[in-house]
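In: sequence plus the predicted model coming up.
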Amino acid sequence: MPQIIVLPHEELCPEGAAIAAQSGVSICDNLLEHHIAIDHACEKACACTTCHVVVREGYRSLNPAEEQEEDLLDKAWGLEPNSRLSCQAIVGDADLVVEIPKYSINMAKEGHR
């Protein structure tokens with residue numbers, strides 16, 4: 001079973017996290033399953049960029065990004081060459097290290113100012 005190591009994020013997991021991930025399931029769903037509340041404003045329909053992550057290790061083990069995801073990533077805050085929409089990135093058999101960017105385009109989050 002692969003592991004996802006989430007680098008520290010001020011709001012979502014200040015200490016970082018290491019979770020046992022399910023292969024064949026998106027990074028987003030794996031994070032949500034382990035109570036890491038990553039934004040996913042479009043309900044994982046590949047229609048926004050709020051679930052954007054930077055894959056620091058294990059990028060090549062993910063499924064290839066499709067054209068729609070690549071087009072949306074151009075709008076993501078803090079885009080890097082190894083960026084993915086976590087709702088579209090399917091975990092393979094390799095361990096991953098992911099960073100959730102500090103900001104997203106979701107300016108109006110419930111309970112936040």
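Out: The structure has been received and is ready for your questions.
In: can you pull the contacts of residue 32?
Out: Contact analysis of residue 32 by Cβ atoms under 8 Å, 6 or more residues apart in numbering lists 38, 40. C-beta coordinates here come from the backbone N, C-alpha and C atoms, glycine included.
In: quick one: it from residue 64, how far?
Out: Counting by Cβ to Cβ, to the nearest Å, the gap from residue 32 to residue 64 is 23 Å.
In: one more: residue 83?
Out: 14 Å.
In: out of these two, which sits in the busier spot?
Out: Higher neighbour count among residue 83 and residue 64: residue 83, with 23 against 9, using other Cβ atoms under 10 Å.
In: got a list of what that one touches?
Out: 52-55, 73, 76.
In: try 10 Å
Out: 49, 52-55, 59, 65, 69-70, 73-74, 76, 89, 99, 101 (Cβ atoms under 10 Å, 6 or more residues apart in numbering).
In: tell me where this protein has strands.
Out: 3-6, 17-20, 52-57, 83-85, 96-99 (DSSP state E).
In: send the alpha carbons of the first one over as PDB?
Out: What that stands for is strand 3-6. Output of strand 3-6 as PDB, limited to C-alpha atoms (Å, rounded to 0.1, in the frame of the first residue of the first chain):
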ATOM      1  CA  GLN A   3       1.900   6.200   1.400                       C
ATOM      2  CA  ILE A   4       1.200   9.900   0.800                       C
ATOM      3  CA  ILE A   5       3.300  12.300   2.800                       C
ATOM      4  CA  VAL A   6       1.700  15.700   3.100                       C
END
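In: residue 50: what's its closest spatial neighbour, skipping adjacent residues?
Out: Ranked by Cβ to Cβ, 6 or more residues apart in numbering and with sequence neighbours excluded, the top spatial neighbour of residue 50 is residue 39, at 3.8 Å.
In: one step back: closest to residue 26 out of the strands of the chain?
Out: With Cβ to Cβ as the measure, strand 83-85 is the member of the strands of the chain nearest residue 26 (8.9 Å).
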